[in-house]
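>>> Okay, predicted coordinates and the sequence, questions at the end:
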Amino acid sequence: MTLLHITTERLVLKPHTQNSLVWLNTTFNNPEEDYFNGDDPPKESPEPLEVTQKLLDRILNRPPDADIIDYAIHKRDTDELIGCGMIAHINHYNRRCDLGIGLGWNRDNWGKGYASETLQAIIAYCFNELNLNRIGAEIYEFNERSIRLFERNGFRREGVFRQYIFKDGMFKDEYLYSLVREDWEKRAGADR
C-alpha cells in the first residue's frame, strides 16, 4: 500500500493511526455526515466504538497491493484531525481512480477552504505521483457543497445514476464527475 504524506500550506494529509478512532466514530455517528455520504438507512442507534475499530483495523492493515489509499486530514499548525478521504478503485493499467473526501462533523472547519486545499493536493498526487489519467467522483444531487467543490476544481459532470439513492422518502440521483489529466494540465497552464 502506498502511504500518502502530503503537506500543504495549512494541512497535512497522512495515514490514519489508532488516534483516528474516536474522530472516525464521532463522524460516522453524525446524522448530517451520514445523510450526505451514506447509502444505508439512517442509524437507529450510534455505531459502537468496536465497529469503528474493526474498520480502522482494516484501514491500518491493508495489503501492499490494495487498490485504495485512505488518509487523514490534519491541520498543519495543531495536528488536529479535521477530515478524511480516500483514493479508491486505483487501476494502474487504465490509469484511473475515484475520490472521496469529507471534513466531518465539526462545522467550525467548514467554509475555510480546507476541502479545496485537500482536493487540489490529492489531484496533483493522483496525476503526478500515481501517474493516473482520470479521477472520478460520485456525488448525490442534494450535496450542493460537494458539487461546487468539485466543479470549482475542474471536475465535469459526465453522467447521472438516476434514482440511485433513497433519501427523505424519495429516490434521488447521484452525479458522476471526472477530471482527466489533459483538462487539469490546461487549467494549471492557464493559472500560471
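That came through fine. Residues are numbered from 1 along each chain as shown.
>>> if I pick the closest residue to G159 other than its chain neighbours, what's in contact with it?
Once flanking residues are discounted, G159 sits nearest to L176: 3.9 Å by CB to CB, 6 or more residues apart in numbering. (Each C-beta comes from the backbone N, C-alpha and C, glycine too.) Listed by CB atoms under 8 Å, 6 or more residues apart in numbering, the contact set of L176 reads G136, A137, E138, R157, E158, G159, V160, F161.
>>> which of the residues you listed count as buried?
Among these, those classed as buried by 16 or more other CB atoms under 10 Å are G136, A137.
>>> returning to what we had before: so what does the residue nearest to G159 look like in phi/psi?
Per-residue torsions, L176: phi -100, psi 120 (degrees, to the nearest 10).
>>> Quick check: beta-bridge partners of it?
E138, G159 (DSSP bridges).
>>> tell me which residues in the strand or helix carrying L24 are buried?
Here L24 sits within helix 21-28, counting by DSSP states H and E. Neighbour counts over helix 21-28 (16+ other CB under 10 Å) mark L21, W23, L24, N25, T26, T27, F28 as buried.
>>> Give me the helices and strands touching that helix, please.
helix 49-60, strand 81-91 (3 or more CB pairs under 8 Å, 6 or more residues apart in numbering; DSSP states H and E).
>>> Could you dump these into CSV and include mean neighbour count and mean pLDDT?
Listed next are those as CSV, based on neighbours: other CB atoms under 10 Å; pLDDT from 0 to 100:
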stretch, mean neighbour count, mean pLDDT
helix 49-60, 14, 95
strand 81-91, 19, 97
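>>> Distance to E144 for the ones you listed - can I get that in TSV?
Formatted as TSV, these follow (distance: least, CB to CB, whole Å):
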stretch	distance to E144
helix 49-60	28
strand 81-91	18
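>>> Brilliant, that's me finished.
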